[in-house]
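Asker: Next one to model:
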Amino acid sequence: MAWMVKAELQDHPKDDSFLGFFDVIAQPDAELYTFDLDWTLHLRSAYEVGREQGLLAPTAVAELAEIDAFWRAHPQAFDAAFGDLIPRIDPARELAGWVEDETGAPMPIPAHHWWWRLSKDWA
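Answerer: The predicted model follows:
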């Protein structure tokens, strides 16, 4: 199955208006950035598909690793930032408009996209 990334991917994920806030989850006033975090997990999945398809520059791939390492190093902050969203997602439809096949059907969230789970369920 060929998945098409519908989100526009920039060369540097940290410069993106959403993933640029990846580290704000560990700041005491993070609730000020709640709106900015709304689509972060969706965009992270779009970047992952882009990475898997070889669409990202090596610097962008390195930045994704930095983002993932930060989130994994701050599991309580991650859960606080995304804990309201994660239980409400529909794994089969959540990526509609972000990653789709040639018919427009959304990619179901793959099991290896661990950021769609609370930290207690990370493997």
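Asker: so what's residue 75 up against?
Answerer: By C-beta atoms under 8 Å, 6 or more residues apart in numbering, the residues touching residue 75 are 119, 122. (Glycine included, C-beta is placed from N, CA and C.)
Asker: Mind naming the longest helix for the chain?
Answerer: Scanning the chain for the helix with the most residues, using DSSP state H, yields helix 58-73.
Asker: Work out the gap between it and the centre of the chain.
Answerer: For helix 58-73, the separation from the chain centroid amounts to 11 Å (computed by C-alpha atoms, centre = their mean, to the nearest Å).
Asker: After that helix, which helix or strand is next?
Answerer: helix 75-82 (DSSP states H and E).
Asker: And the longest helix of the chain, what's buried?
Answerer: By neighbour count on 16 or more other C-beta atoms under 10 Å, the buried set for helix 58-73 is 60, 63-64, 67, 71.
Asker: So which residues make contact with it?
Answerer: If you take C-beta under 8 Å, 6+ apart as the criterion, helix 58-73 is touched by 9-14, 19, 22-23, 25-26, 44, 47-48, 51, 56, 78, 115, 122.
Asker: Show me where this protein dips below the pLDDT cut-off.
Answerer: The chain contains residues with pLDDT under 70 at 1, 28, 30-36.
Asker: Could you check how far the residue nearest in space to the middle of the chain is from residue 111?
Answerer: Nearest to the mean C-alpha position of the chain, counting by C-alpha atoms, centre = their mean, stands residue 44 at 2.3 Å. Counting by C-beta to C-beta, to the nearest Å, the gap from residue 44 to residue 111 is 15 Å.
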